[in-house]
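In: What would the 3D arrangement of this be:
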Amino acid sequence: QVQLVESGGGLVQAGDSLRLSCAASGRTFSFYAMGWFRQAPGKEREFVAAISWSGGSTNYADSVKGRATISRDNAKNSVYLQMNSLRPDDTAVYYCAGSTYYRGSDYRHYNYWGQGTQVTVSS
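Out: Below is the predicted model of the structure:
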């Protein structure tokens, strides 16, 4: 099986930066892509960014484009999300997800999920 564990969340001020990490274990060779999603209270789960596991192709939500960078380290089985110029509306639980066949924005196509890490941005 696969396990995903996120870390790096916390309380920051508007304008600050944060780097989220996701460590994968288990059958990681089955991954086609990894993604980051977020969910704020009372809102639906929202796509943030995704990266292919092999070639490194990326895609981003418009809401974070230019402020976020997703990267991976295959040797460490890890994926990262660097978020800059954080805003209060970035406040959410951030989830790491893995898909065996898809690198898009629809969370329903991701097979594996971490437990989430809270990011709170104060104004």
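
In: quick one: stretch 105-119 to chain centroid distance?
Out: 8 Å (Cα atoms, centre = their mean, to the nearest Å).

In: switch to numbering from 45
Out: Yes, from this point I'll number from 45; that puts the last item at stretch 149-163.

In: any residues touching it, and which ones?
Out: Stretch 149-163 is contacted from outside by 46, 48-54, 56, 62, 64, 66, 79, 81-83, 89, 91, 94, 103, 105, 127, 130, 134-146, using Cβ atoms under 8 Å, 6 or more residues apart in numbering. C-beta: built from backbone N, CA, C; applies to glycine.

In: Now the buried members of these.
Out: 46, 48, 50, 52-53, 56, 62, 64, 66, 79, 81-82, 89, 91, 94, 103, 105, 127, 130, 134-143, 146 (16 or more other Cβ atoms under 10 Å).

In: Which members of the residues you listed are positioned in helices?
Out: Of these, none are assigned to helices by DSSP state H.

In: The spatially most central residue of the chain - nearest residue in space that isn't next to it in sequence?
Out: Residue closest to the mean C-alpha point of the chain, counted by Cα atoms, centre = their mean, is residue 80 at 2.1 Å. Once flanking residues are discounted, residue 80 sits nearest to residue 92: 4.2 Å by Cβ to Cβ, 6 or more residues apart in numbering.

In: All set now, cheers.
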